[in-house]
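*Asks:* what would the 3D arrangement of this be:
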Amino acid sequence: MISEATVIAVAAALYLFDCVVLLERGQAVIEAGWPGARLAFGSKHYQIAGKTVALLNPLTPFFPAFRSLPLFSGPDCSMVKVSTALRSTVPIAILSFMQLVLIFVALPVCLYRAPGWPFVIYLVLAYLNAAAMLALLCWRFGAAGIPRRPLIGLGFGWLVCLPLSVNCLRSAGLSFRLTVDARRAMRFLPFASLEKVRSELAAQVTEAMQDTDEGDELHRRLADLKRQLTPEADHRRP
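*Replies:* This is a model prediction of the structure:
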């Protein structure tokens, strides 16, 4: 018979797996939080199918997260403005926090201490909250003109595998790309984190330069971007 600890461990593992995001080179995850936004470019050492692996903060599923454009990608009609993305997702943050508490606090406690009706009641509440988040996201995406098709598959997963619903706010935000790339997204960052993000993006640009010929136009654009990100390097040259 499966023990309570095994059930909780499997639920946590599924949730952590859902926090993994694959990024193209130079692409960033933009997480809107407090006291300001955060940009993450993923691991420098781990890749899957040529894409960088990034891990969302497992403790903050109630902060919306989005994908930036890859380097030198132009926006198109399918991409979403930052203001539109925030207006469509931020109101679901409270429900997302409630789902985190229900799945990883209330249900485990009931599983150990009150496995009868209290557990069933909280389980029903978790399913109702997941359905409410899905319905609210569909409504707000439709009102904002954001494609709702990805929510069909995501919503099915949330209702079939309840631990995935904890991450619904970020999964919905990651289902589309913003109209800004990582460099332009830096204006949303607190000043204290700018230098670190610049160096991380410069490292991404350096890797991209190594994969292109020096005579290519893309190599020249990458070199220009690297000089803009690390202007102090030019001043140190003799």
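*Asks:* okay, now Lys81: neighbour count?
*Replies:* When counting by other Cβ atoms under 10 Å, one arrives at 13 neighbours for Lys81. C-beta: built from backbone N, CA, C; applies to glycine.
*Asks:* same deal with Cys138?
*Replies:* Cys138 - counted by other Cβ under 10 Å - has 16 other residues nearby.
*Asks:* now the strands for this structure?
*Replies:* Listed from the start of the chain, the chain has strands (DSSP state E) covering 20-23, 29-31, 38-40, 47-48, 51-55, 65-69, 177-181.
*Asks:* and the ones you listed, which is most packed in?
*Replies:* Of all the strands of the chain, strand 65-69 has the most neighbours on average by mean count of other Cβ atoms under 10 Å, namely a mean of 24.
*Asks:* what's the domain layout of this structure?
*Replies:* Domains of the chain are assigned by automatic domain parsing as 4-189, 194-238.
*Asks:* so of the ones you listed, which one's packed in deepest?
*Replies:* domain 4-189 (a mean of 17).
*Asks:* endpoints of it, how far apart?
*Replies:* Here the two ends of domain 4-189 are set 42 Å apart, with distance taken as Cα to Cα, to the nearest Å.
*Asks:* what's near enough to touch the residue nearest to Leu107 when sequence neighbours are not counted?
*Replies:* Nearest in space to Leu107, with sequence neighbours left out and distances taken as Cβ to Cβ, 6 or more residues apart in numbering, is Tyr122 at 5.4 Å. Contact criterion Cβ atoms under 8 Å, 6 or more residues apart in numbering gives Leu102, Ala106, Leu107, Cys110 as the residues in contact with Tyr122.
*Asks:* mind listing what the second one touches?
*Replies:* Applying Cβ under 8 Å, 6+ apart to Ala106 gives the contacts Tyr122.
*Asks:* and the residue nearest the centre of this structure?
*Replies:* If you average the C-alpha coordinates of the chain and look for the closest C-alpha using Cα atoms, centre = their mean, you land on Ala65, 3.9 Å from that point.
*Asks:* how near is the nearest residue to that residue once chain neighbours are set aside to Ala114?
*Replies:* Excluding its sequence neighbours, the residue lying closest to Ala65 (Cβ to Cβ, 6+ apart) is Arg170, at 4.1 Å. Using Cβ to Cβ, to the nearest Å, Arg170 is found at 31 Å from Ala114.
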